[in-house]
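S.K.: show me the folded form of this:
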Amino acid sequence: MARSPTHQQRSFCLGRVEANEYIKLKKFKDYWEKGLPYLDEVTLKIVPDPTVRMTALRSGDLDMANWLPLEEVSTIMKRPQEGIQFTAMLWTEPLSRLQSGQTAF
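M.R.: Okay, here's the model as predicted:
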């Protein structure tokens, strides 16, 4: 199957999905730039409870999280010593639409 340049620009592809637990993204072996991405795999843990998500973020069980309660964000921003940084990401394609082996991002 011939791949388009857009397809080869993706750094990870869908690996394993365990419903309501995690989504594993694996390194896309045909990535256009040799040696990248540096990570072999990324695990996206599904943590529906915002309190549990914040606790996991603070304890280091999560490296990043989304959909944090606004009151928690404002509290953390007042405590830079916790080392938590904020950024915004925009998904153009929901991960739920991906099939196994398809590139994610």
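
S.K.: show me where the protein has its strands.
M.R.: Using DSSP state E, the strands found in the chain span residues 12-18, 22-27, 41-45.

S.K.: now the ones you listed in JSON lines, with mean neighbour count?
M.R.: From N, CA and C alone the C-beta is placed, and that goes for glycine too. Listed next are the strands of the chain as JSON lines, based on neighbours: other CB atoms under 10 Å:
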{"stretch": "strand 12-18", "mean neighbour count": "16"}
{"stretch": "strand 22-27", "mean neighbour count": "17"}
{"stretch": "strand 41-45", "mean neighbour count": "14"}
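
S.K.: what about those, which gets the closest to Lys78?
M.R.: Nearest of the strands of the chain to Lys78, taken as CB to CB: strand 41-45 at 26.3 Å.

S.K.: now do that closest one against strand 12-18, angle only.
M.R.: In terms of direction (axes from the mean of the first three to the mean of the last three CA atoms, to 10 degrees), strand 41-45 departs from strand 12-18 by 40 degrees.

S.K.: and strand 41-45 with strand 22-27, angle?
M.R.: Interaxial angle, strand 41-45 versus strand 22-27 (the same axes, to 10 degrees): 160 degrees.

S.K.: pairing partners for strand 41-45, with directions?
M.R.: Here strand 41-45 has these sheet partners by DSSP bridges: strand 22-27 (antiparallel).

S.K.: give me the contacts around the strand it pairs with.
M.R.: 11-17, 37, 39-46, 95, 104 (CB atoms under 8 Å, 6 or more residues apart in numbering).

S.K.: wait, what's in contact with Ala56?
M.R.: 45, 47, 62, 65.

S.K.: that one and Asp63, how far apart?
M.R.: According to CB to CB, to the nearest Å, Ala56 and Asp63 sit 10 Å apart.

S.K.: thought Ile46 was touching Asn20?
M.R.: Yes - under the criterion of CB atoms under 8 Å, Ile46 makes contact with Asn20 at 5.7 Å.

S.K.: more neighbours, these two?
M.R.: Ile46 (12 against 7; other CB atoms under 10 Å).

S.K.: okay, the more buried one: pLDDT?
M.R.: pLDDT, Ile46: 91.
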